[in-house]
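Student: heads up, no residue letters with this:
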């Protein structure tokens, strides 16, 4: 399949094998009809950047509104539509596709030594599906917005909301197919197209993470699609599904929705875990501590993640005994996450640690993910969850995981592979500055939200009791810092595209097949498919040999200043 | 109005707070430890430092991993056990709990005390006595949130959900809707007014005269024609409702259900759903005829029959 695709690509662009993928055709058409996974990754990157800033502007207005407990600039309806816009755009059009569709698309074939993904045309179609879904959702926004929140709870969304639920839900429904197609593509690619010698136990953790993510996408997304279809069926065709006075079940939607949307958190976090594993290994100059355990942890998170959806519904009126079971499973899924934090930390041990921008972003990830994970334990504990669910405590918690975790790791990966993607270097000083400001801005925004959440400040309120104002103001100031920190990469990375110095093929002196080809890579990735004869993270090759004679010079080298 | 941050209105809110802050302390220690180790390693093993970098034997690495995996698993098990045992203790309300009906609507809370007193967006309750809220919604999903009691429970259309509490600190506290319910969601708030039992009975007495819920239910029961069939000496073969509430009912398809609020509500609106063993499914549905408020009154009436039934 892929071979034919590559052949046909070769017909279009004769002699493109050695030139960089960026110069293989300069027309808009050559980009919009490309089947090159690297170009498709770039197309996704452009699209999600647009949505990131749409979502960011929406929340900027929301945070401005929340400075005043009485509400100053927005109507009730305006406020509801803005936070819904923020949630829908950020979750469905930014976070879910962020790492897998951009970095994943770009890197997966490179990292396993393949010329492209298994189904290059399907890959292009995935992007178009994403674009069509995005168009529907943009229509919903332009036509006046939607006010259901990103969770579309029934029967509100199916019977009561007077907003553009159809367009928004269809947009999310359609974008789900893009997820599924990408997942199928990645799974097949990982199974079929590994370079000779690239065994499963030699896969970089990033590839394992993308593989696990793809499984979750393929298995869970159809359930989301189903539940959105059910909303549309009730709302427009009057099928009595969620309306209790017609015999429907108002909670059915929540079960289906969280069956997807809890695993979706792992669609956002697992690739992030893959990215930081690569970055830690490279800048600590170490093999990732406990590689095998890291792989098991990734797979365990992906699988157990399917069994914990009930912890979103502790106060929904479900049986308390069922709640206890879901509470237990939620604690269980925390174990592999904790293991990963310990292993990353241990990777620094005995390293030669340097602090380039990707490493700073990855360290930021580690700190924020730890806080996000620990506060997850609070929510898995039923008595605490009963009090803090649907308050700002939950808002803070999932932002620590999804923004502190996912987005920090996304930036870590973007900076790490930027020289590979563009062939250029960015301003290291500005990048480090942005990483630090982002970390500080993030904590200023979300730490106060834990406190006001415990104080009883419900989420999705724009008029609120006076006593929470001071926390909201701190949080809004933090959001302003954060927003400016997010603008910085746009500037210095843009500058790097135009004026950055040439990067060289392997500026970080990293291992991994993607660094063995030129920067930016040629259209078909490798002039010759590489042969793999060792595991990943070959930073201290001598250590892997048990024989002491070979170890000694290694140690001497380590002590050299 | 209310300006205390995270006010507590009961003893058990205090014990939940202790659990919360114990978890905060544990988390803080873990976060601090992880941060110290990260920063420590980063400095000690920064590139070019002269730290000693011995090669660890592979087996030691494995032992370390087993160690911390087991340790976290046990820690999580312990927290789970603590949390779950606290929760399970609170499920069943005491029998003498004062029952207050709550009907949530876009965007207000309607409350009815059993003696018929009604209020909107305010919940007066006595301290020192268990209070149970029996809640349902007229439209979308709402959520009753009483932060000072550390309590929250979704309120669903077509179903009944319950919470109960014993408060012990009189005062005025927040009452909020926590589940997004539409345009005026953030204005669907009210006050929880906790009073000493004396003040509470004085307040009740001062309210405008109203028939109690069961009485109103009885009148409704007659005017809707229910009494025609359900009376003990009726010619139509329909179940006698005395002593039904709170007891198991055998259905014609072999199931046994407990006659709670949801069962009675279903019997009124969806009479074919749960047909009592030995009876024909001849009852008409009252869907569209009775409002949620009226269903609450009818339920209160059937519940009062149960009480009389046991007296006989």
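Tutor: The structure has been received and is ready for your questions. Nothing here was measured: the structure is a model prediction, and the numbers come from that model.
Student: Now for residue B:112, which secondary structure element holds it?
Tutor: Take DSSP states H and E as the rule and residue B:112 turns out to sit in strand B:108-113.
Student: chain center to whatever helix or strand comes next after that strand: distance?
Tutor: Moving toward the C-terminus from strand B:108-113, the first helix or strand encountered (DSSP H and E) is strand B:118-120. Relative to its chain's centre, strand B:118-120 lies at 19 Å (Cα atoms, centre = their mean, to the nearest Å).
Student: now swap in stretch B:243-256 and tell me
Tutor: Using Cα atoms, centre = their mean, the mean C-alpha position of stretch B:243-256 is found 24 Å from that of the whole chain.
Student: OK, now which residue of chain A is nearest to chain B?
Tutor: With Cβ to the nearest Cβ, the shortest gap between chain A and chain B falls at residue A:244, namely 2.3 Å. (Each C-beta comes from the backbone N, C-alpha and C, glycine too.)
Student: Just to check, that residue is in contact with residue B:156?
Tutor: Yes - between residue A:244 and residue B:156 a contact is recorded at 7.5 Å, counting by Cβ atoms under 8 Å.
Student: Find residues that contact each of those two.
Tutor: Between them, residue A:244 and residue B:156 have residue A:250 as joint contacts when contacts are counted by Cβ atoms under 8 Å, 6 or more residues apart in numbering or on different chains.
Student: got the buried residues for stretch B:106-116?
Tutor: B:106-114, B:116 (16 or more other Cβ atoms under 10 Å in any protein chain shown).
Student: now stretch B:145-162
Tutor: Along stretch B:145-162, these residues count as buried under the neighbour rule (16+ other Cβ under 10 Å): B:145-162.
Student: Wasn't residue A:248 part of a strand?
Tutor: No - according to DSSP: H, G, I helix; E, B strand; the rest coil, the state of residue A:248 is coil, so it is not within a strand.
Student: residues touching it, list them.
Tutor: Remark: with contacts taken as Cβ under 8 Å, 6+ apart, residue A:248 is in contact with A:155, A:234, A:240-242, B:158.
Student: cool, and residue B:270?
Tutor: The contact partners of residue B:270, taken as Cβ under 8 Å, 6+ apart, are A:247, B:285, B:287.
Student: one more time with 10 Å
Tutor: A:244-245, A:247, B:158, B:285-287 (Cβ atoms under 10 Å, 6 or more residues apart in numbering or on different chains).
Student: which of the buried residues of stretch B:106-116 come close to chain A?
Tutor: Restricting the buried residues of stretch B:106-116 to those near chain A by Cβ under 10 Å from any Cβ of the partner chain leaves B:106-107.
Student: which one of the buried residues of stretch B:106-116 sits closest to residue B:268?
Tutor: Taking Cβ to Cβ as the measure, residue B:268 lies nearest residue B:112 of the buried residues of stretch B:106-116, at 17.4 Å.
Student: Around the residue nearest to residue A:436 when sequence neighbours are not counted, count how many other residues there are.
Tutor: If you skip the residues right next to it in sequence, residue A:436 has residue A:360 as its closest partner in space, 6.7 Å away by Cβ to Cβ, 6 or more residues apart in numbering or on different chains. Close neighbours of residue A:360, defined as other Cβ atoms under 10 Å in any protein chain shown, add up to 24.
Student: on that earlier part again, can you get me a residue count around the residue of chain A closest to chain B?
Tutor: Each residue near residue A:244 was counted by other Cβ under 10 Å, and the total is 20.
Student: can I assume residue A:304 sits in a strand?
Tutor: No - the assignment for residue A:304 by three-state DSSP gives helix, which leaves it out of any strand.
Student: The closest residue to residue A:175 other than its chain neighbours: neighbour count?
Tutor: Once flanking residues are discounted, residue A:175 sits nearest to residue A:133: 3.3 Å by Cβ to Cβ, 6+ apart. For residue A:133, the neighbour count with other Cβ under 10 Å is 22.
Student: okay, residue A:133: pLDDT?
Tutor: Note on residue A:133: pLDDT of 95.
Student: shouldn't it be in contact with residue A:89?
Tutor: No - Residue A:133 is not in contact with residue A:89 according to Cβ atoms under 10 Å; the separation is 11.5 Å.
Student: Which neighbours do those two have in common?
Tutor: Shared contacts of residue A:133 and residue A:89 (Cβ under 10 Å, 6+ apart): residue A:171.
Student: Turn the contacts of residue B:270 into CSV, including secondary structure, pLDDT and distance to residue B:136.
Tutor: Listed next are the contacts of residue B:270 as CSV, based on DSSP: H, G, I helix; E, B strand; the rest coil; pLDDT from 0 to 100; distance: Cβ to Cβ, whole Å:
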residue, secondary structure, pLDDT, distance to residue B:136
A:244, helix, 85, 10
A:245, helix, 80, 12
A:247, coil, 81, 16
B:158, coil, 88, 8
B:285, coil, 85, 18
B:286, coil, 84, 16
B:287, coil, 82, 15
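Student: Just the buried residues from those, in ChimeraX please.
Tutor: Of the contacts of residue B:270, the buried ones go into a single ChimeraX selection, burial set by 16+ other Cβ under 10 Å:
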select /A:244,245 /B:158,286
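Student: Near residue B:232, how many other residues are there?
Tutor: Counted by other Cβ under 10 Å, the residues lying close to residue B:232 total 7.
Student: Repeat that for residue A:429.
Tutor: When neighbours are defined as other Cβ under 10 Å, residue A:429 has 10 of them.
Student: so what's the closest residue to chain A within the stretch 1-150 of chain B up against?
Tutor: Closest approach between the stretch 1-150 of chain B and chain A, counting by Cβ to the nearest Cβ: residue B:147, at 2.8 Å. Remark: with contacts taken as Cβ under 10 Å, 6+ apart, residue B:147 is in contact with A:387-388, A:391, A:454-458, A:465, B:2, B:5-9, B:13, B:173-176, B:178, B:192.
Student: Stretch B:282-302 and chain A in contact?
Tutor: Yes - using Cβ under 10 Å from any Cβ, a contact is recorded between stretch B:282-302 and chain A, made by B:287-288, B:292.
Student: Can you give me the end-to-end span of that stretch?
Tutor: 20 Å (Cα to Cα, to the nearest Å).
Student: Off-centre distance for it?
Tutor: When distances are taken as Cα atoms, centre = their mean, stretch B:282-302 is centred 22 Å away from the chain's centroid.
Student: Equivalent analysis for stretch A:86-99, please.
Tutor: Between the mean C-alpha point of stretch A:86-99 and the mean C-alpha point of its chain there is a distance of 8 Å (Cα atoms, centre = their mean).
Student: now the end-to-end length of it.
Tutor: Between the opening and closing residues of stretch A:86-99 there is a gap of 19 Å (Cα to Cα).
Student: Just the mean pLDDT for it, thanks.
Tutor: Predicted confidence along stretch A:86-99 averages 94 (mean pLDDT).
Student: Do it and chain B come into contact?
Tutor: No - judged by Cβ under 10 Å from any Cβ, stretch A:86-99 makes no contact with chain B; its nearest approach is 10.6 Å.
Student: How about the residue of chain A closest to chain B: what's its closest non-neighbour residue?
Tutor: Residue A:244 sits nearest to residue B:158 (Cβ to Cβ, 6+ apart), 2.3 Å away.
Student: before we move on, what about residue A:500?
Tutor: In this structure, residue A:500 finds its nearest non-sequential neighbour in residue A:424, 3.3 Å apart by Cβ to Cβ, 6+ apart.
Student: Help me confirm that that neighbour comes into contact with residue A:20.
Tutor: No - Residue A:424 sits out of contact with residue A:20 when judged by Cβ under 10 Å, with a separation of 11.6 Å.
Student: between these two, what contacts are shared?
Tutor: Taking Cβ under 10 Å, 6+ apart as the contact criterion, the residues that touch both residue A:424 and residue A:20 are A:519-520.
Student: what mean pLDDT does the helix or strand hosting residue B:194 have?
Tutor: With elements delineated by DSSP H and E, residue B:194 resides in strand B:190-195, which encompasses its position. Taken as a whole, strand B:190-195 carries a mean pLDDT of 94.
Student: Is there any residue in it that contacts chain A?
Tutor: No - no part of strand B:190-195 sits close enough to chain A to count as contact by Cβ under 10 Å from any Cβ; the gap is at least 11.2 Å.
Student: Many thanks, we can stop here.
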